[in-house]
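> sequence and computational prediction follow.
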Amino acid sequence: MDLIFNYTPHYFLEGYTESLKVIQQQGKPLLGYFTNRIPVEILHALNVNPIRMLSINSSVQGASERYIQTFACSWLRQIMDIGLNKGYASFDGLIFSAGTCDSLQNLSDIWKKVFPEQWTYNLTFPVLTDTEAAVEYLQNEFDTLIQNISQKFPENPDGFTLSNSIKLFNIKRVNLQKLASLVSERKMRYHEFFKLLLLGDTLPIETVNSYLEKKISQNEITNPPDIPDSPRLLLTGGMFDNYLLFEHVSDFDYLVTDDLSFGTRNFNFTMPQSSFLQGYAQAYLERTPDPTAFDMEKRWKGLENSIHNHQIDGVILLGIKFCDPDTFEFVSIQNNLKDLDIPYLNLETSPDLSNLQQIETRLSAFIEMIS
Amino acid sequence: MSFEKEKKRVYRRLESLQSVKNSQAMYYLQSKNPYLHDEGKKIAWVTSGAPVEFLIAMDIVPLYPEQYGAIAGAAKDSTRLCQVAESHGYSPDLCAYARTSFGSVFSPDPPTPLSEIDGMGGLARPDMLIAGNNICGTVLKWYQDLSRIFNIPLFLFDTPPLGDTIPNYYIDYLTSQLGDYIEFLEEQMKRKMDEETMIETMHHSRQAVELWTQILNLCKNKPSPLNCADRFLLMAPVVSQRGDPEIVPVYEEVLSEVQQRVDEGLGAITVPENYRFLFDNIPIWFNLYEFFNSLSAKGVVFPVDTYTQAWSHQLAETEDLLRDAAVTYSNIYLNKTIQHKIDLISTLVNDYDCDGVLFHSMRSCKRYSLGQPITRREVTEKTGRPGVIVEGDMCDSRNFSEEQAWTRIEALLELINDER
Ligand code: SF4
Ligand code: SF4
C-alpha cells in the first residue's frame, strides 16, 4: 500500500504512465477521469481506483491529428497523443464528463472510435448548479453510474459504503487545505505543493492520505525555505497540469494560492458525510464552479474572497490554448480585476510548454512592474 | 482540371427567394419599431436552438445573433467586427459568431445593416436573453457576457448532450426547466401565457417545419432543384420566425416553385449537373456566392447539407406540450454523438444519391467540426463515397485559404472521375 514511500513523488509524475502500471498491480480496477467533477467517492465505494488523467510527459506529439483537428483544446490533444502512445493502456476504463466543454464532448466520441477496446462511460453533468431539478438529474446520473460500474466491475468485498469513502476523501481535502496554508504563509513553494495536488489525484486515496500527513509534519518542523515575501500572486485558470512550468520558472514562487481545476477548486470544500445520493449531488453542485458551469458569478466571488484573504497583489491568468470556457471567462475576470484595481497578467500556453521562454520573460516583467 | 473563379452566374434565379427576403426585411424592420414596447412587445436575443415558439406566443420578438453573424458575414463585414471584439479581450480562437456579435455591440462604426431597408445596422437592443446549449457550450459563455454587457436577464435552457438513449429523468429535467422558462417569460412580460396561443404557435411552427422538410426532400430529384446557397438563404424564416403564421404562405410559395422546377426537370444551376455532394457544417458566409457559383460552373451541386436539415425536425405532438418540446429541443444534430452524425450523413448521402461529401472544418465551431476526420473515413466506409475536408470559417476570412480549398476539392473530383 505504501507505494510512494518506496519511490519519490517525481517518480510518479515524471513516469506517470509507468506509475499507472505500478498502481494497477495493487489489484483494483483503474478508472481514468478527466475533470474534477467526477464523484471520486462513489467510484472508490465501488472498489475501483479513480485516477485523474494527466497530460504530462508525452514523448509523442502530433499523432492525434489523424483523428482530431489542431484547433481542439491543446490539453486534450496531448491526452490523445499520450493515448495513441499507449500511455493510458493500464486503465481498465475511462469516465468522460459530458455536458462540460465542446472539446471534451467531442473527444469522448472520438476516443470510443479510436480505442474501441477500452471501456468508456459518459457521466453527464447539468450546467445549472442551483435548481432542484438539476440536483435530481445529477442524482439520477450518479445512480446510473453506480449500476453501470457495478455491472462492469462487480467485485466489491466490502460492499458499497459511500460514507466511508467520503470520509477518506474529506481527509485528503483537509490535508491539502493545511498544505495550502503553508504556501500562503510562505513555508512551502507553490511548485512543491502543485506536485502534491497532482499526486493527490493520481494515487490511491489511502496512500495519498498517509503521504500528505507526513508532508505536513515535515513542513511544520523544518525551517521555511527562502521564499520571497512579495508580491503575493494568485494563479487562475483551468485544467493546466504541467508542474514543470512552475519548477522551471522561479518567479512562480511568488504564488501564494490558485484557482485551478487541479488546485483550490478541487479541495476547498468537504462533502457531507451521508450515504444519501441527493445530498451528495447537491454538495457537488454547490462547489466552486468550473468555467464550464453556468455560474461565473459564483466563481468570481470565490476569486474575490481569495484575493482579499490572501492579500493578493497581482493575478496571473493562465489559459490553455484553445480552451474556450476559460478564454471566455478571462474576459469577465479581467474586467472585474480592473474594477478592483488589481494588476493582472494574461498568459496562454499548451501542455508542451512550447512558449516557456516567453512566459518567463513576461512574468518577470510583470513582477517588476508591480513590485 | 483546375479551378478558376467563375464570375458568370450559373445559378437559376429563384423568384420566391424575394418573398423570403421581404419577409425577413419586414421582421427586422418590425423589431426596430420605436413603438414596439408601447405595443406590449419585447425583444429577446436567442440562440438558434432555443425553444422560440414560447417567445412568439408571448409577443416577444426573437432576434438571432447567429443569424446576424451570417448577415454580417455575407456582407463581408464580420472579420472587421471580429477584430473589434478582439480589441475588447475576446480571443481570435473563439467562435466567430460570438465575436461578430460582440463586435457589433462594441463597434464605434455602424454595424452591418440587416436588410436593404434597415437604416441603422445591427440587431435591435434586447430586453432579455435566451440561450439553449443544445448546439454548443460556447453559447453559455457568450450569453453570460451579453447579459453582463447589457445588464439584462438571461434564461438558460440546459440540455445535456444525448447518448444512445434518452432516460426519463433527462426529459423530467428539461420539462421542469421549460416550466421555469414560462415563469421567466411571464415575469418579463408581466402577464400570463395564453395556452391557446401557445398551442396555435406550435401548430404554425409545425406547418413551417413541414413545408421546409418537403422543400428539402424535393432536392432528392435529379437535377436537384436547389443548391446549398439557395437553402442557406431560404432557411432564414424557419430559423427565426418559426411559429409566426406569416411565414407559412412564404414557404408555400417556395415549395410550389421548387415543385415546378422538379416537374419541368429544371435544376438549381444552368449547366448540367455532373457531381452531387453533401455539404457538412455552416457555410463560408463571406464567400458564399463565389464558392458555390465557381463549383456550380464545374457542374458540382449540393442537393443536401447537414445545416439546413437541422430545422427539418417536427415538434412531437402529444397531450403534453412541454414534454414534446423537451424531446424535440434535445434531439438535435449537434447535441448528439459523432456516431449519430456518421449514420445521418451516410443516410443522406444514399437518399440524395451523392457522389461525395465536402466537410467544412470550421475553426470557429468545435462542436460541429471536431472529429470530422473520423466521420469522413467512416462515411466512406459505409457508403463507398469519398469525402474531403476543407479548412475555413463561416465568418472570419482570416481562417480561410481559397487555394487550399480548391486544391482539395479538385483532388476529390479527380478521384471521382477516375472511378467513373
Ligand atoms: S475545459 Fe478547457 S482545458 Fe478542460 S477539456 Fe475543456 S477545453 Fe480543454
Ligand atoms: S460554437 Fe458553433 S454551434 Fe456554437 S454558436 Fe458558434 S458556430 Fe454556433
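In hand now; what should we look at? For clarity, every value in this text was computed on a predicted model and none was experimentally measured. Ligands and ions are numbered 1, 2, ... in the order given.
> for the chain, which segments are assigned as strands?
This is for chain A. A:30-33, A:49-52, A:93-98, A:119-124, A:233-237, A:255-259, A:314-320, A:344-349 (DSSP state E).
> right idea, wrong chain: chain B
With DSSP E as the criterion, chain B has strands spanning B:42-46, B:60-63, B:128-132, B:154-157, B:275-280, B:300-305, B:356-362, B:387-392.
> on that earlier part again, possible to save the strands of chain A as CSV with mean pLDDT and distance to chain B?
The way it works is simple: take the backbone N, C-alpha and C, and place the C-beta from them, glycine included. Shown next, in CSV, are the strands of chain A (pLDDT from 0 to 100; distance: least, C-beta to the nearest C-beta, whole Å):
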stretch, mean pLDDT, distance to chain B
strand A:30-33, 97, 17
strand A:49-52, 95, 21
strand A:93-98, 95, 5
strand A:119-124, 96, 4
strand A:233-237, 97, 14
strand A:255-259, 97, 17
strand A:314-320, 97, 8
strand A:344-349, 97, 8
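> how about those in a markdown table, adding mean neighbour count?
Converted to a markdown table, the strands of chain A look like this (neighbours: other C-beta atoms under 10 Å in any protein chain shown):
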| stretch | mean neighbour count |
| --- | --- |
| strand A:30-33 | 23 |
| strand A:49-52 | 23 |
| strand A:93-98 | 22 |
| strand A:119-124 | 20 |
| strand A:233-237 | 25 |
| strand A:255-259 | 24 |
| strand A:314-320 | 22 |
| strand A:344-349 | 19 |
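> any weak-confidence spans in chain A?
A:1-7, A:57-60, A:221-224 (pLDDT under 70).
> near ligand 1, which residues of it?
A:73, A:75-76, A:101, A:103-104, A:238-239, A:292, A:320, A:323-326 (C-beta under 6 Å from any ligand atom).
> filter the residues you listed to the buried ones?
Buried by 16 or more other C-beta atoms under 10 Å in any protein chain shown: A:73, A:75-76, A:101, A:103-104, A:238-239, A:292, A:320, A:323-326, out of the residues of chain A next to ligand 1.
> how about the residue positioned nearest the centre of chain A, what does it touch?
Geometric centre of chain A, nearest residue: A:Phe262, 2.3 Å, by C-alpha atoms, centre = their mean. Counting by C-beta atoms under 8 Å, 6 or more residues apart in numbering or on different chains, A:Phe262 touches A:36, A:52, A:194, A:197-198, A:201, A:239-241.
> and the gap between it and A:Tyr243?
9 Å (C-beta to C-beta, to the nearest Å).
> ok, B:Leu234 touching B:Leu17?
Yes: counting by C-beta atoms under 8 Å, B:Leu234 does reach B:Leu17; the two are 6.6 Å apart.
> list residues touching both of these two?
B:Val254.
> and stretch A:348-357, end to end?
12 Å (C-alpha to C-alpha, to the nearest Å).
> which residues belonging to it are considered buried?
A:348-352.
> next: stretch B:177-193.
B:177-178, B:181-182, B:184-185, B:188-189, B:193.
> may I ask which two of those are separated the most?
B:Gln177 and B:Met189 (18.4 Å; C-beta to C-beta).
> interface residues of the stretch 151-300 of chain A facing chain B?
Those residues of the stretch 151-300 of chain A that sit near chain B, judged by C-beta under 8 Å from any C-beta of the partner chain, are A:291-292, A:294, A:296.
> what's the closest of these to B:Cys136?
A:Thr292 (12.0 Å).
> nearest spatial neighbour of that closest one, skipping sequence neighbours?
A:Thr100 (4.1 Å; C-beta to C-beta, 6 or more residues apart in numbering or on different chains).
> check contacts around the one you found.
A:35, A:37, A:125, A:290, A:292, A:325, B:137.
> related to what we said a few turns ago, so B:Leu234 and B:Leu17 - more neighbours on which side?
B:Leu234 (23 against 15; other C-beta atoms under 10 Å in any protein chain shown).
> what sits against the more buried one?
B:Leu234 neighbours (C-beta under 8 Å, 6+ apart): B:14, B:17, B:20, B:215, B:226, B:254, B:308.
> at 6 Å what do you get?
When contacts are counted by C-beta atoms under 6 Å, 6 or more residues apart in numbering or on different chains, B:Leu234 touches B:Val20.
> same question, the one 4 residues further on
Applying C-beta under 6 Å, 6+ apart to B:Val238 gives the contacts B:208, B:212, B:311.
> could you rerun that using 7 Å?
B:Val238 makes contacts with B:208-209, B:212, B:311, as judged by C-beta atoms under 7 Å, 6 or more residues apart in numbering or on different chains.
> can you check A:Gly302 too?
A:259, A:288.
> also B:Ala411?
B:Val388.
> could you report the distance from the residue nearest to B:Tyr68 when sequence neighbours are not counted to chain A?
Among residues not flanking B:Tyr68 along the chain, B:Leu123 sits closest, at 5.2 Å (C-beta to C-beta, 6+ apart). Note on B:Leu123: its distance to chain A, by C-beta to the nearest C-beta, to the nearest Å, is 20 Å.
> within range of chain B, give me the residues from the stretch 1-150 of chain A.
Within the stretch 1-150 of chain A, the positions near chain B by C-beta under 7 Å from any C-beta of the partner chain are A:66-69, A:71-72, A:98-99, A:101-103, A:105-106, A:109-110, A:113, A:122, A:124-128, A:133, A:137, A:140.
> from the chain's centroid, how far away is stretch A:344-351?
How far stretch A:344-351 lies from its chain's middle: 17 Å, per C-alpha atoms, centre = their mean, to the nearest Å.
> which residues does that stretch contact?
Contacts of stretch A:344-351 (C-beta under 7 Å, 6+ apart): A:55, A:74-75, A:78, A:242, A:314-321, A:330, A:334, A:337, A:355, A:359, A:362-363, A:366.
> burial count for the closest residue in space to A:Ser332 that isn't next to it in sequence?
Of all residues not flanking A:Ser332 in the chain, A:Met296 sits nearest, at 5.8 Å (C-beta to C-beta, 6+ apart). Residues near A:Met296, counting by other C-beta under 10 Å, number 22.
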